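# can't give you the sequence, but here's the structure:
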């Protein structure tokens, strides 16, 4: 397990782009045949990925969790961005096609990730937060997520938000998770920008050409910074930071939140002239 130590809202202002990436960005997540995890100090979120090939990959615990198994006191969200696969949770099999979600509840002991075809492997993206209660594990196909149309082509942010692990669909503890797909010709992912002091968030960008980039804007509203992110990169957003971006092409991203409440619309919106 790797560890991500983020900077505070004063120190980040004096950091280079390389230092900001070291503090906020997770770059080497999706590696064939590997399960990678990064423990962040942003609400103790753990972000990772599993890309199984011929063999299944088991979710391990770590001494920093001080637990007998990974989900002893944690909940886990899983979204597949690759080929067809399966997740086994305590002997129960959940088939996962591309963009399916799986919520794994606290207390789940044995979690295994499997690809149906190693030539087109599943790519499981993982986000975990501490959990104070036990609910139930639940599979959410993309077709069963709340699909919300947002934005317009004129302002370059026409997009569809798929809310999959959220109130009304999944009874999670604090995790809220889903997918945003930008329509062709749109590049802004979150407009207007916002903060939400009551919860933190992680973005993971995917489904665009490796030669292209997303320019992710972070920081206090009056003192923003931009980082260039490639497909498969994730970035942790503390509660004091905006999290918005514009790409050199259309793309998708997975958002995951944990904190004081689970209401998706609970945001403190900002106008563009408030950004510095």
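Sure thing, it's come through. Just so it is clear, the structure is predicted and the values come from calculations on it, not from any experiment.
# quick one, helices of this structure?
Taking DSSP state H as the criterion, the chain contains helices spanning 17-24.
# counting neighbours, what do you get for residue 106?
For residue 106, the neighbour count with other Cβ atoms under 10 Å is 19. Glycine gets a C-beta too; all of them are placed from N, C-alpha and C.
# report the contact partners of it.
Counting by Cβ atoms under 8 Å, 6 or more residues apart in numbering, residue 106 touches 71, 72, 73, 74, 75, 131, 133, 134, 135, 173.
# show me the beta-bridge partners of the fifth one.
Residue 75 has the following beta-bridge partners by DSSP bridges: residue 129.
# from residue 252, how far off is it?
Separation of residue 75 from residue 252 (Cβ to Cβ, to the nearest Å) stands at 23 Å.
# mind checking which of those two has more residues around it?
Neighbour tally, residue 75 and residue 252, criterion other Cβ under 10 Å: the higher count belongs to residue 75, 28 against 20.
# just the pLDDT for that one.
Turning to residue 75, the model gives it a pLDDT of 98.
# next up, the contacts around it.
Under the criterion of Cβ under 8 Å, 6+ apart, the contact list for residue 75 reads 103-106, 128-131, 135, 172-175.
# got it, and residue 220?
With contacts defined as Cβ under 8 Å, 6+ apart, residue 220 is in contact with 9, 240, 241, 242.
# what's the closest of the residues you listed to residue 212?
Proximity of the contacts of residue 220 to residue 212 was ranked by Cβ to Cβ; the top entry is residue 242 with 22.1 Å.
# report the separation between the closest one and residue 225.
Relative to residue 225, residue 242 is positioned 10 Å away (criterion: Cβ to Cβ).
# quickly list what's touching both of these two.
Taking Cβ under 8 Å, 6+ apart as the contact criterion, the residues that touch both residue 242 and residue 225 are 217, 218, 219.
# and the residue nearest to residue 218 when sequence neighbours are not counted, how many neighbours?
Sequence neighbours aside, residue 241 is the residue nearest to residue 218 in space, at 5.0 Å (criterion: Cβ to Cβ, 6 or more residues apart in numbering). Residue crowding around residue 241 was assessed by other Cβ under 10 Å; the count is 24.
# what does residue 141 give?
Neighbourhood size, residue 141 [other Cβ under 10 Å]: 13.
# out of the shared contacts of residue 242 and residue 225, which is nearest to residue 204?
Once Cβ to Cβ is applied, the member of the shared contacts of residue 242 and residue 225 that ends up nearest residue 204 is residue 218, at 14.4 Å.
# just give me the neighbour total for the closest one.
Per other Cβ under 10 Å, the neighbour tally for residue 218 reads 22.
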